[in-house]
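Novice: Below are the sequence and a predicted model; questions follow.
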Amino acid sequence: KFKNYGLVEFDDFSLKHNTKDIFISAEKYKAVLLDKLIFSEQSKVMLNKDEYDLIIDSGSHKGDLFYRVTASGVLSSDSIKSFVKSELLNSFDGESKSTISLKYINSHKNPSLIGELRTDMVGFRLNNFSPLKKNKEEVRKLFVRADFMKDIKYFDVSYDMYDMRISEGEEYTNVNVVSPFLNGNVRIPYNVTDEKKVLARLQYFDLNQFSGIADPREYLPMKLQIKKVKIYDSFFNNFNLQTSTHIDGMSIDKISFANEYLTMAGQGKWVDNTAGQMTFFDGNFNSTNFGKSLDKFGYKNLIKKGKLSSRLIGQWPNSPETFSFKNFDGKILLDLQDGDFLQVTRETKVIGQLLGLFSIASLQKRLSLDFSDFFSSGLSFDQMTGEFTFNDSISNVKSLNLSGTFGEMTINGISDLKKETHDHKLVYVPDLSSMSLISGTLLGGPIGAVASIFYDKVLKQIGIDTNELAAVEYSITGSWTEPKIILLEPFKPIEN
């Protein structure tokens, strides 16, 4: 039995929240009062321009009275934009079935007014960066919750695999996000400009999950500071990116990372004009131990040690993450010092075969020695320098020079990156002054001394002065996996 009861009926009912631009209206609405409880039948109401079926119920939970309003209907993107002011919603449109509830708990210790939104987002389109991007047919679970009576106002949002807490400051929206692909804090100014950029401080970011927007002009000016970034199967530490607007797209004002053994600093731009999309880049790469840097990226046992100073300048079609040497036009300047090529592998066998050919072709018959294990333990070098130019999947090697105690060799020619073929000429100059090929490296001791004298006499008999350098020229043609290495000219005299 109820001590008090009654009926309240509204005609042309309306309620407006001025600051949030929210408007609720109903032609007729009835509610039943039973003591301190309120109930209603399901009735039609309008939330801005969206129609909902609304019902009121109430009860008691742990001794505290609660009142709940639940509305089911079709929510439009316009209504969301009127409530949430953010430039990130510029590409958000459509409508989707949803349920909205507002629950007031009349607690003496901790009263609360909790609002919730649930939708599968079918019918909504979000043309943002992946994986937030979705078409109207896709199902993405969205749940939003907020307590409007808390002193600090925020929204808890769960979208697909992303859990976020969104709060509003005086000049920006603050987003804390946790997910398997993105962790950290993002601040979005209400009015984003080149001076007031989107600021992201992240612990982790998996770029593989974010395929990007097709149009670089859609990206807001941003400043990213990320502790660890995953790109394909590689990780980059202390990653920084700063962008600004460009008349045709995006200006990449700064991009850098600093791994343990490898650093990069560069700049560029990503444009989209009548000629199509293009990425331009100019970056410097430096390493204190290039061998360990390669190990970290999965290229193990190629080089030991090595100090790298390199520069990449060029362009490629489409967005920055589509970079490949096959679509790259530009050049690479290389300077690598004090390293060791490790035992001959598929990647290094061309160098091993070429240097081995000199010994086999010119010395084996005369000295009856076995040179097969000369490069089995690796090859130390003092410096490797060169310039590579790339154009339409063709790499042109300009004077790639490798020098060390073994002597010096220079490679010139082209490689077809699509067909994976070589067409190079290599000139090899052994260090005859030190006779390191024979006496120092191969034989040593008395036998090495005898071989050294014999070799010196042989060269003089065929007209080559050992005070000059004798060059050996090879051609490298064919596939990368099975290159054909042919001796073109042995003992080619050149000036020292």
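Specialist: All right, it came through fine.

Novice: who touches residue 28 in this structure?
Specialist: 9, 10, 11, 13, 43 (Cβ atoms under 8 Å, 6 or more residues apart in numbering). For glycine as for every other residue, the C-beta is placed from the backbone atoms N, C-alpha and C.

Novice: Roughly how far does the residue nearest to the third one when sequence neighbours are not counted sit from residue 43?
Specialist: Nearest residue to residue 11, sequence neighbours excluded (Cβ to Cβ, 6 or more residues apart in numbering): residue 28, at 5.8 Å. Residue 28 sits 7 Å away from residue 43, going by Cβ to Cβ, to the nearest Å.

Novice: cool, and residue 275?
Specialist: Taking Cβ to Cβ, one finds residue 275 at 58 Å from residue 43.

Novice: re earlier: which entries within the contacts of residue 28 meet the buried criterion?
Specialist: residue 43 (16 or more other Cβ atoms under 10 Å).

Novice: export the contacts of residue 28 to CSV and tack on secondary structure, pLDDT and distance to residue 329?
Specialist: What follows is the contacts of residue 28, written out as CSV (DSSP: H, G, I helix; E, B strand; the rest coil; pLDDT from 0 to 100; distance: Cβ to Cβ, whole Å):
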residue, secondary structure, pLDDT, distance to residue 329
9, strand, 88, 75
10, strand, 83, 70
11, strand, 87, 72
13, strand, 81, 67
43, strand, 89, 66
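
Novice: With distance to residue 90 as extra columns, can I get the contacts of residue 28 in JSON lines?
Specialist: As requested, these are exported to JSON lines (distance: Cβ to Cβ, whole Å):
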{"residue": "9", "distance to residue 90": "42"}
{"residue": "10", "distance to residue 90": "37"}
{"residue": "11", "distance to residue 90": "39"}
{"residue": "13", "distance to residue 90": "33"}
{"residue": "43", "distance to residue 90": "35"}
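
Novice: of the contacts of residue 28, closest to residue 82?
Specialist: residue 13 (19.8 Å; Cβ to Cβ).

Novice: bridging residues for that closest one?
Specialist: residue 26 (DSSP bridges).

Novice: measure it to residue 26 for me?
Specialist: 5 Å.

Novice: circling back to that earlier point, now do the buried residues in the helix or strand harbouring the residue nearest to residue 11.
Specialist: Residue 28 belongs to strand 22-34 when assigned by DSSP states H and E. Judged by neighbour count (16+ other Cβ under 10 Å), strand 22-34 contains these buried residues: 23, 24, 26, 29.

Novice: so how far is that strand from its chain's centroid?
Specialist: 52 Å (Cα atoms, centre = their mean, to the nearest Å).

Novice: and the next helix-or-strand element following that strand, which residues are buried?
Specialist: Later in the chain than strand 22-34, the nearest helix or strand by DSSP H and E is strand 37-39. By neighbour count on 16+ other Cβ under 10 Å, the buried set for strand 37-39 is 37, 38.

Novice: Ok, stretch 322-341 next?
Specialist: 323, 327, 328, 330, 331, 332, 334, 336, 339, 340, 341.

Novice: Lowest pLDDT pick from those residues?
Specialist: Among those, residue 341 carries the lowest pLDDT, at 78.

Novice: Report the beta-bridge partners for that one.
Specialist: residue 303, residue 379.

Novice: Surely it and residue 301 touch.
Specialist: No. Between residue 341 and residue 301 there is no contact under Cβ atoms under 8 Å: 10.0 Å.

Novice: Give me the residue ranges of the stretch 101-250 of the chain where confidence is low.
Specialist: Scanning the stretch 101-250 of the chain for pLDDT under 70 picks out 128-131, 211-213.

Novice: hmm, 80 instead?
Specialist: 127-133, 151-152, 210-214 (pLDDT under 80).

Novice: Just the strands from it, written as ranges.
Specialist: Assigned by DSSP state E, counting those that start in this stretch, the strands in the stretch 101-250 of the chain fall at 112-119, 124-126, 142-147, 154-159, 162-168, 172-178, 182-189, 198-206, 222-231, 234-246, 249-258.

Novice: Among the buried residues of stretch 322-341, which one sits closest to residue 289?
Specialist: So of those, ranked by how close each gets to residue 289 (Cβ to Cβ), first place is residue 339, at 9.0 Å.

Novice: Over to the closest one: give its phi and psi.
Specialist: phi -130, psi 180 (degrees, to the nearest 10).

Novice: Pull out the CA atoms of stretch 174-184 and give them to me as PDB.
Specialist: The C-alpha coordinates for stretch 174-184 follow below in PDB (Å, rounded to 0.1, in the frame of the first residue of the first chain):
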ATOM      1  CA  ASN A 174      41.900  15.600 -22.600                       C
ATOM      2  CA  VAL A 175      41.900  11.900 -23.500                       C
ATOM      3  CA  ASN A 176      43.600   9.100 -21.500                       C
ATOM      4  CA  VAL A 177      43.500   5.900 -23.600                       C
ATOM      5  CA  VAL A 178      44.400   2.200 -22.800                       C
ATOM      6  CA  SER A 179      44.500  -0.500 -25.400                       C
ATOM      7  CA  PRO A 180      46.700  -3.200 -26.900                       C
ATOM      8  CA  PHE A 181      47.800  -0.800 -29.600                       C
ATOM      9  CA  LEU A 182      47.800   2.600 -28.000                       C
ATOM     10  CA  ASN A 183      48.600   3.800 -24.400                       C
ATOM     11  CA  GLY A 184      49.000   7.300 -23.200                       C
END
